[in-house]
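Trainee: Here is my input, please return the structure:
(one chain, ligands or ions: 2)
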Amino acid sequence: MSRMKRIAVLTSGGDAPGMNAAIRAVVRYASNSDAKLDVYGIERGYAGLINGRLSRMDGRSVSDTIHRGGTILKTARCPEFTTDDGISQAVKVLKAYEIDGLVVIGGDGSFRGMKDLYDKHGFLCTGIPGTIDNDLGYTDYTLGFDSAVNTVLGAINNIRDTMTSHDRACVIEVMGRNCGDIALYAGLAGGAEAMVVPEIPFNIDELVDKMRRNVLKGKASDIILLAEGMTSCEALKKELEEKTGITLRTVKLGYIQRGGTPTLADRVLAARCAVRAVDLLIQGKGGRVVGIRNNKIVDEEVGAALATKKVFDKELYKIATILGQ
Ligand code: ADP
Ligand code: F6P
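Mentor: Ligands and ions are numbered 1, 2, ... in the order given. I've put the predicted structure just below:
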């Protein structure tokens, strides 16, 4: 058993639904479990850490937050933390507050920062994957992905109604940075006619042929889900209209996908990941990130986790394409 007495938690990078559920679980598990740890919340990610924006949290500070999107701790992108000086300053602050361990909730950039903190200064930290993008190879799902996809599904339903009434097609642009998972899963579950994702070579003529065939088949609307990492919805619309003569509309869903109440799946994932992240610290294990594989919570050395290539599920893409015909 380590002599861990006091830990801190922060959220970093883009926010994601489920981050609050994770903060709540970290705070309550750490303070209510046998270890009876003190917990500090750090505001605005690594920026707040460098600037000493820490405050004590207890079970009551996280009341009424489990269902809220965003992050009560706020988040930030902090270029200073990528420098040796920035990290050294962060370590000074952690020491001044007598913090023994840190839980970082964020994406790959946040994990790189955490890795530096551990590798260069031996500071114990654990990571919980929080990003809607689902772009981390070592875990099947990241916190926020399920909620974001469900938001996209709601949007597809609404857009489908009006597109069908007007016999139109629509290009819906979704987030995901360079990862096509939001487009893939929303496309499969929302019955999209096509998904344009960075992982699959895109042939505009094939899509044009498909849209023409869909008209002949009597399909009243086409939903084309476009992952933001490919091109813009306006550019794709223009090209498709020129080549098909079909009337198209565009919707860029944007930040709607990043807000909103977390789904059941994200709340459960948040709780399970938080417990493992805190347990690792209690056991004196740092430099590890938590994830889920085959519905089992796993933890892995952060460098190895970051080096794990994200594999796009081509089989699922094939199924979605067949079902969308
Ligand atoms: P995400 O964690 O969602 O991928 P970012 O890539 O913006 O978001 O990273 C969040 C923060 O993590 C950055 O603002 C920075 O403070 C820190 N960070 C990112 N990359 C590195 C790096 N290579 N080394 C150290 N810290 C990093
Ligand atoms: O990483 C989450 C994400 O929402 C991406 O899907 C998107 O590309 C990016 O963040 C947007 O970042 P910003 O908040 O800086 O506009």
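Trainee: contacting residues for the residue of the stretch 151-300 of the chain found nearest ligand 2?
Mentor: Closest to ligand 2 within the stretch 151-300 of the chain is residue 175: 3.3 Å, counting by CB to the nearest ligand atom. In this view, the C-beta of every residue, glycine as well, is placed from N, C-alpha and C. Each residue near residue 175 by CB atoms under 8 Å, 6 or more residues apart in numbering is listed here: 132-133, 148, 182, 228, 253-254, 257-258.
Trainee: Report the secondary structure state of the residue lying farthest from the centre of the chain.
Mentor: Ranked by distance from the centre of the chain (CA atoms, centre = their mean), the top residue is residue 216, with 39.0 Å. Three-state call for residue 216 (DSSP: H, G, I helix; E, B strand; the rest coil): helix.
Trainee: can you offset everything so residue one is 27?
Mentor: Will do, 27 is the new start, and the previous item becomes residue 242.
Trainee: What residues does it make contact with?
Mentor: Contacts of residue 242 (CB under 8 Å, 6+ apart): none.
Trainee: now residue 315: how far from residue 179?
Mentor: Relative to residue 179, residue 315 is positioned 28 Å away (CB to CB, to the nearest Å).
Trainee: So which of the two has more stuff around it?
Mentor: Ranked by neighbour count (other CB atoms under 10 Å), residue 315 and residue 179 place residue 315 first, with 31 against 15.
Trainee: near ligand 2 at all, the helix or strand harbouring residue 137?
Mentor: Using DSSP states H and E, residue 137 sits in helix 134-147. No - in terms of CB under 6 Å from any ligand atom, no part of helix 134-147 sits within range of ligand 2; the closest distance is 8.9 Å.
Trainee: Quick one: neighbours of the residue of the stretch 127-276 of the chain at minimum distance from ligand 1, just the number.
Mentor: At 2.0 Å from ligand 1, residue 135 is the closest residue in the stretch 127-276 of the chain, using CB to the nearest ligand atom. Applying other CB under 10 Å, we find 18 residues neighbouring residue 135.
Trainee: Residue numbers of the stretch 77-226 of the chain in contact with ligand 1?
Mentor: 103-104, 107-108, 132-136, 138-139, 142, 157.
Trainee: Generate a PyMOL selection restricted to the buried subset of those.
Mentor: With 16 or more other CB atoms under 10 Å as the criterion, this PyMOL line picks the buried residues out of those:
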select buried, resi 104+107+132+133+134+135+136+138+139+142+157
